[in-house]
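> Give me coordinates for this.
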Amino acid sequence: VQLQASGGGLVQAGGSLRLSCAASGRTSGTYVMGWFRQAPGKEREFVAKIDQSTIIAYYADSVKGRFTISRDNAKNTVYLQMNSLEPDDTAVYYCAADRSWSAKEYEYWGQGTQVTVSS
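So this is what the prediction gives:
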């Protein structure tokens, strides 16, 4: 599975961005899709994930209520709608795919897309 993330950019605090991750290769609809982020000097952290059915989603507490993950299996694309952005959301965001909902280390990773939130 190849993953291509896009949609990052510079936004003011309180603003919104939508990230996209296009998947290709093996049937990407059979994978759990996740978003992770890594801020400068910090470890990579989990943001959100969504199951293959597009129904079940799970979020990190830090983004719950502000971010929404969704996927369109027909387009092999997963999205991350980010609202009410805060400077602490500044990071490189990565999409990832794995066969298992409980995976700690995802099998496939895309390149990152930079999100910068100014105060």
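
> need the contact list for Val117.
Listed by Cβ atoms under 8 Å, 6 or more residues apart in numbering, the contact set of Val117 reads Val11, Gln12, Ala13, Gly15, Leu85, Glu86, Pro87, Asp88, Asp89, Thr90. C-beta coordinates here come from the backbone N, C-alpha and C atoms, glycine included.

> one more time with 7 Å, if that's ok
For Val117, the contact set (Cβ atoms under 7 Å, 6 or more residues apart in numbering) comprises Val11, Ala13, Leu85, Glu86, Pro87, Asp89, Thr90.

> Can you tell me, leaving aside adjacent residues, what's nearest to it?
Leu85 (4.6 Å; Cβ to Cβ, 6 or more residues apart in numbering).

> Helix or strand: which one has the spatially most central residue of the chain?
Residue closest to the mean C-alpha point of the chain, counted by Cα atoms, centre = their mean, is Trp35 at 2.6 Å. Applying DSSP states H and E as the criterion places Trp35 in strand 32-38.
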